[in-house]
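# just to be clear, the model below is a prediction. Sequence and coordinates:
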Amino acid sequence: MDVLPLVGLVAASTAVAGAARRTPVPAPLLLVTVGLIASYLPGVPTYTLDAHIVLPLLLPPLLYTAAVDSSYLDLRANLRPVALLSIGYVLFATVAVGWLAYRLVPGLPLTAALVLGAVVAPPDAVTAAAIARRVGLPGRVTTILQGESLVNDATAITAYKVAIAAAVGEGMSWGAGIGEFFLAAVGGVVVGLALMVPLHWLRTHLRESLLQNTLSLLIPFVAYAAAERVHASGVLAVVVVALYLGHRSWQVDFATRLQEEAVWKMVAFILESAVFALIGLQLPFVLKGLGAYAVGDAVRYAVIVFLAVVVVRFIWVYPATYLPRWLSRRIREREPDTNWTAPLIVGWAGMRGVVSLAIAFSVPFVTTDGSPFPARNLVLFLTFTTVIGTLVVQGLSLPLLVRVLKLPGRDAKAETLAEAQAQSEASAAAEARLEELLADRRNQLPGPLADRLRTVLERRRNAVWERLGAANPVTGESADDTYRRLAGEMIDAEREVFVALRDERRIDDEMLRTLLRRLDLEEAAAYREESDAP
């Protein structure tokens, strides 16, 4: 097996994603564009999306990392709009786009048109998270989009299975299709509920960070495979498990949390980069298979389907936003007022992605009677153009739309103030506990060590408040920034001495690694976490 093409894909896509961080262009768009260009360069291997690889091997970890970083409490508070989008909208888009395609394309059976509708219905989880982080959407809008993208794949995949069964001649009735849909949805949730507690117990009882993080990497695949084995939704199983584990991550020891966060950030970065590059690289394969359809007709169909996907989302979003408020006083009292701008952003942020393409590639070539699947190549082409169209048109214009509408972003000062107040309360509890412990003769410490504990606690209490203070008139830094910079300079000086001692053979490499790790932990404690969203 030649692994060089795979290594080349990962290396090139991560390099492009890294370069995108230094440009105003969102990484997904740059990756897709580079993939489109690279697909026609000589010497570039042919990469074909395989649903048997994308769905069970790429989708679970991407869903897992997105769900773990989501807020269970925020999703529960926004359960109604999330459900209306992730279930109601996907089914509505499946039928609406499918019916339009059936009326638009001569000779296209309704069942095959509904397959197309199910394929292009779900906005992509990876795209939604990446764009939302980049443009700084308001918190509630981000929660709704992320919640939608976590669940809608399950709805679309199940709707696709029902439509494909009818299209290939397996004789599935609408009643049986609805039954299969609910069975898959309920089964996925049940499998997730059954797995989440044992997996969390295992995570908290393994004593080595290495084993805990190995388990963490296996969890999404275990949940997905277990659900799919019983014909339930693997997507929902992964999401349920991930939300539970993320909500209770504080019960895992600190070493595991630090290592797990670093590992999953790397995994998500590599997979997201490769996935978007793969989308662009599909162009030659899609065009080659277009077959009997004239290019002009195919392009016309593509434009109409793309416009339909965009318009249908708005047709659903605005009524789904306002009708429940008009019909229920309880909803009006419980939820904040929403003006027309928030639904506009939610409606425009419907980018499609790799899941749609992977499902399209899984459409069978023949039906049960051995005849070719009707318009398979056209379905694949229309899916590809819809994905590219939404990524380029909506993805490029979304940041501009957010700026034009002047949506209120996250209030950094208010968040820092809340953080400072929380830290003050926690420090007071820690101080009381420290004095209680020091009063016990079993815990007596020399005065300097006890004072050091108090100093560290005081430093932690004051650090957040200092970020709210006035900046240094010379450097523009806050006191907290200056403290961290000076601490870093001191640590760098120590690090240079340790390396010099190793080079002089006064200490060996093993001792150097021990000393450097100690400095690394000191530096991590001195520096607050910086945002590294793509």
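It's in. Numbering: from 1, shown residues only.

# give me the contacts around stretch 176-189.
For stretch 176-189, contacts defined as Cβ atoms under 8 Å, 6 or more residues apart in numbering pick out 154-155, 158-159, 161-162, 165-166, 172, 227, 230-237, 240. Every C-beta, even on glycine, is put in place using the N, C-alpha and C of the backbone.

# buried subset of those?
Neighbour counting by 16 or more other Cβ atoms under 10 Å classes 154-155, 158-159, 161-162, 165-166, 172, 227, 232-237, 240 among the contacts of stretch 176-189 as buried.

# point out the ones among those that are inside helices.
Of the buried ones among the contacts of stretch 176-189, the ones assigned to helices by DSSP state H are 154-155, 158-159, 161-162, 165-166, 227, 234-237, 240.

# and those as CSV, adding pLDDT?
Below are these laid out as CSV (pLDDT from 0 to 100):
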residue, pLDDT
A154, 86
T155, 89
T158, 86
A159, 87
K161, 85
V162, 84
A165, 83
A166, 80
A227, 95
G234, 92
V235, 90
L236, 92
A237, 95
V240, 95
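
# what's the farthest-apart pair in the residues you listed?
A166 and V240 (29.0 Å; Cβ to Cβ).

# show me the shaky parts of the stretch 151-300 of the chain.
Within the stretch 151-300 of the chain, the segments meeting pLDDT under 70 span 169-175, 177, 289, 291-292.

# do that again at 50, thanks
By pLDDT under 50, the stretch 151-300 of the chain contains no weakly predicted segment.

# what is the mean pLDDT for stretch 14-31?
The pLDDT scores in stretch 14-31 average 86.

# okay, that stretch in PDB with CA atoms only?
Extracted C-alpha coordinates of stretch 14-31, given in PDB (Å, rounded to 0.1, in the frame of the first residue of the first chain):
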ATOM      1  CA  THR A  14      -2.100  21.400   7.100                       C
ATOM      2  CA  ALA A  15       0.400  23.700   5.500                       C
ATOM      3  CA  VAL A  16      -2.400  25.500   3.700                       C
ATOM      4  CA  ALA A  17      -4.500  25.700   6.800                       C
ATOM      5  CA  GLY A  18      -1.500  27.100   8.700                       C
ATOM      6  CA  ALA A  19      -1.000  29.700   6.000                       C
ATOM      7  CA  ALA A  20      -4.700  30.600   6.200                       C
ATOM      8  CA  ARG A  21      -4.300  31.700   9.800                       C
ATOM      9  CA  ARG A  22      -2.200  34.600   8.500                       C
ATOM     10  CA  THR A  23      -4.800  35.700   5.900                       C
ATOM     11  CA  PRO A  24      -8.400  37.100   6.200                       C
ATOM     12  CA  VAL A  25      -9.700  34.100   4.200                       C
ATOM     13  CA  PRO A  26     -11.200  31.400   6.400                       C
ATOM     14  CA  ALA A  27      -9.200  28.100   6.300                       C
ATOM     15  CA  PRO A  28     -12.000  26.000   4.800                       C
ATOM     16  CA  LEU A  29     -12.400  28.200   1.800                       C
ATOM     17  CA  LEU A  30      -8.700  28.400   1.100                       C
ATOM     18  CA  LEU A  31      -8.300  24.700   1.400                       C
END
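
# buried residues, that stretch. List them.
14, 16-17, 20, 25-31.

# please apply the same query to stretch 320-332.
320-321, 324.

# so which of those comes closest to L49?
So of the buried residues of stretch 320-332, ranked by how close each gets to L49 (Cβ to Cβ), first place is A320, at 31.4 Å.

# and the next element down the chain from the helix or strand hosting that closest one?
Taking DSSP states H and E as the criterion, A320 maps to helix 295-327. Counting by DSSP H and E, the next helix or strand C-terminal to helix 295-327 is helix 329-334.

# need the residues that contact that next one.
So helix 329-334 is in contact with 80, 324-325, going by Cβ under 8 Å, 6+ apart.

# many thanks, I have nothing further to ask.
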